[in-house]
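1. Got a predicted model here, sequence first, then my questions.
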Amino acid sequence: MTRVLRTRVELSQALAAVERPVGLVPTMGWLHEGHRSLLRRARGADATTVVTIFVNPRQFNQASDYTRYPRDEGRDLAICAEEGADLIWAPSVDEVYVPGFDTTVSVGAVAEPLEGAARPGHFEGVATVVAILFGLVRAEHAYFGQKDAQQVMVIRRMALDLALPTEVVACPTVREPDGLALSSRNVHLAPPERAAAPILHAALLAGRAAWERGERSAKALRSEMQRVLATEPMARPDYVSCADAETLRELDRVDGPCLLSLAVWLGATRLIDNELLP
Ligand code: PAF
């Protein structure tokens, strides 16, 4: 039976009585097949699955983005129940950020480029809320989608540095049949933008194909991704990156694991995606 909890106290009381290990799936709601895959992974590995549903205001660098973030709690609760989640924590903002809350978790270098540069304050918001969730749930495992590759790296760094007892598990990106990575933001795409959206994955695959043909110049791999994006007139690239997969520093040459990643505007919606090499 899935139980819905609203307060920190309700959550702690419920957790005191559950079987371990506990698997945590932190979400901002508007659940889709990607979240379902995280839930299934948790169900397969952990005795108890906890889902959190909280649209975290601190990680939106624009108020309008927070306001228009899609929400449908009834539907989300039904999906969690279908997937056999044991506990759902769906708190109010004041329950997460308790009165007088005055702490920010700020991760260093790995949070600076890419999404960190494009969305100032975003990763402080993510790291702060995830630290709270890790502290409250004390799960053995927490599951995150690889679509947000930099987020996974930031959270891993934070958990390691702060000696948090939760292992961060990255799970494969789930895609539509045409390659578009699932994201809650896809709902904002108008039909022509939705039709154009697979160009992100196509550009990443072109980057991978060039690498597989032996191309090791990072500049050439970026150019190849940019070339493919340019074939779609609606796509406005924000960044196109070929970076070291551990540090996220932009590379000159690709001699080891590397993260190809991009952020692209389609109308008023900004999508991200990535491909890990090899
Ligand atoms: O990936 C998300 O949905 C959010 O960034 C997270 C990890 C739930 C923190 O609010």
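-> Ah, there it is. In this text, all values refer to a predicted model and were calculated from it rather than measured experimentally.
2. just the helices in the chain please.
-> For the chain, the helices defined by DSSP state H occupy 8-16, 33-45, 63-68, 73-82, 93-96, 115-118, 122-137, 149-161, 191-196, 199-212, 218-230.
3. Just give me the lowest mean pLDDT stretch among those.
-> When the helices of the chain are ranked by mean pLDDT, helix 63-68 comes last with a mean of 94.
4. Which residues of the stretch 1-150 of the chain lie near the ligand?
-> By the rule C-beta under 6 Å from any ligand atom, the part of the stretch 1-150 of the chain lying against the ligand is 26-28, 56, 59, 126, 129-130, 148. All C-beta spots, glycine's among them, are computed from the backbone N, C-alpha and C.
5. For Pro26, give me its contacts.
-> 51-52, 54, 129-130, 133, 142, 144 (C-beta atoms under 8 Å, 6 or more residues apart in numbering).
6. Over to Arg68?
-> His188.
7. For Val55, see how far away it is.
-> 11 Å (C-beta to C-beta, to the nearest Å).
8. same question, Ser261
-> 24 Å.
9. How many residues are close by Val154?
-> 27 (other C-beta atoms under 10 Å).
10. Touching, it and Ser106? I think so.
-> No: contact criterion C-beta atoms under 8 Å: Val154 and Ser106 do not qualify, at 10.0 Å.
11. Can you work out which residues contact both of these two?
-> Jointly contacting Val154 and Ser106 under the rule C-beta under 8 Å, 6+ apart are 123, 127.
12. what about the residue of the stretch 151-278 of the chain found nearest the ligand, how many residues close to it?
-> Taking C-beta to the nearest ligand atom, the ligand has its nearest neighbour within the stretch 151-278 of the chain at Gln151, 5.8 Å off. Neighbours of Gln151 under the rule other C-beta under 10 Å: 22.
13. distance of the nearest residue to Thr128 once chain neighbours are set aside from Ala16?
-> Among residues not flanking Thr128 along the chain, Val105 sits closest, at 4.6 Å (C-beta to C-beta, 6 or more residues apart in numbering). Val105 sits at a distance of 26 Å from Ala16 (criterion: C-beta to C-beta).
14. The two: which is more packed in?
-> Val105 (19 against 7).
15. With Ala139 as the reference, measure out to the more buried one.
-> 17 Å.
16. Ser261 and Val55 - which one has more neighbours?
-> Ser261 (25 against 17).
17. residue nearest the centroid of the chain?
-> Asp148 (3.7 Å; C-alpha atoms, centre = their mean).
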